[in-house]
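*Asks:* build me a model:
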Amino acid sequence: MTTQSGTGGTDRPAPFLSSIMQIEPQWIDYNGHLNMAYYNVMFDRAIDELWLVLGIGPSYKKSRNGSTFTAECHVRYLREIHLGQPLQVSVYLIAADDKRLHTFEELRHADEGWLSATSENMTLHIDMGERKTAPFPPDIRATIDAVAKAHAMVPRPEGIGRAIAMPSRK
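*Replies:* Residues are numbered from 1 along each chain as shown. I've put the predicted structure just below:
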């Protein structure tokens, strides 16, 4: 589900890892690096991959008329990334309840491992017929709970729960 092979062939809980992604040339801005808007595109593509694991991807919307909407997002831009650099996103399912998913994502250079950006999100489950929040179905909730339980065993990445504010003067 969301494990990586540990030493000795045993599995250990790990965040969900997206496929390795490449920046599209049109996403590079006049500063010669990835434009800030496209960080969200990359984070969103990684979330779409996790949603498939959770059973809430496009087929879920079609068959069960449910989907998710992002309610809040906080992105931190920590290091520039450039065209040609392979990237991968780690997604941590921090918490979940009947209608919400709290995720934290890290965008890293896929080969060198350095951190480029993070995104913390609150996502709502939506009944698309009513276009209102609704509880996850029990089978989907069970899958979400299993992933959240596995991710709770992973050390928390730095930056969860940060707020935007000017530094205090001392």
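
*Asks:* could you check the top helix by length along the chain and say which residues are buried?
*Replies:* Secondary structure of the chain per DSSP state H: the longest helix is helix 36-54. By neighbour count on 16 or more other C-beta atoms under 10 Å, the buried set for helix 36-54 is 38-39, 42-44, 46-47, 49-51, 54. C-beta here means a position set from N, CA and C on the backbone, and glycine is covered the same way.

*Asks:* which is the next helix or strand following that helix?
*Replies:* Next helix or strand after helix 36-54 toward the C-terminus (DSSP states H and E): helix 58-64.

*Asks:* which strands and helices sit next to that following helix?
*Replies:* When contacts are defined as 3 or more C-beta pairs under 8 Å, 6 or more residues apart in numbering; DSSP states H and E, helix 58-64 sits against strand 66-77.

*Asks:* just the mean pLDDT for the longest helix of the chain, thanks.
*Replies:* Average pLDDT, helix 36-54: 97.

*Asks:* which other helices and strands contact that helix?
*Replies:* strand 16-17, strand 66-77, strand 87-96, strand 100-109, strand 115-127, helix 138-152.

*Asks:* need the CA coordinates for that helix. PDB is fine.
*Replies:* Only the C-alpha atoms of helix 36-54 are listed here, as PDB (Å, rounded to 0.1, in the frame of the first residue of the first chain):
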ATOM      1  CA  MET A  36       5.200  29.100  -8.600                       C
ATOM      2  CA  ALA A  37       1.800  28.100 -10.100                       C
ATOM      3  CA  TYR A  38       3.200  24.900 -11.500                       C
ATOM      4  CA  TYR A  39       4.500  23.600  -8.200                       C
ATOM      5  CA  ASN A  40       0.800  23.200  -7.400                       C
ATOM      6  CA  VAL A  41       0.300  21.300 -10.700                       C
ATOM      7  CA  MET A  42       3.000  18.800  -9.600                       C
ATOM      8  CA  PHE A  43       1.600  18.500  -6.100                       C
ATOM      9  CA  ASP A  44      -1.900  17.900  -7.600                       C
ATOM     10  CA  ARG A  45      -0.600  15.200 -10.000                       C
ATOM     11  CA  ALA A  46       0.900  13.400  -7.000                       C
ATOM     12  CA  ILE A  47      -2.300  13.700  -5.000                       C
ATOM     13  CA  ASP A  48      -4.200  12.200  -8.000                       C
ATOM     14  CA  GLU A  49      -1.900   9.200  -7.900                       C
ATOM     15  CA  LEU A  50      -2.600   8.700  -4.100                       C
ATOM     16  CA  TRP A  51      -6.300   9.200  -4.700                       C
ATOM     17  CA  LEU A  52      -6.200   6.100  -7.000                       C
ATOM     18  CA  VAL A  53      -4.700   4.100  -4.200                       C
ATOM     19  CA  LEU A  54      -7.400   5.300  -1.800                       C
END
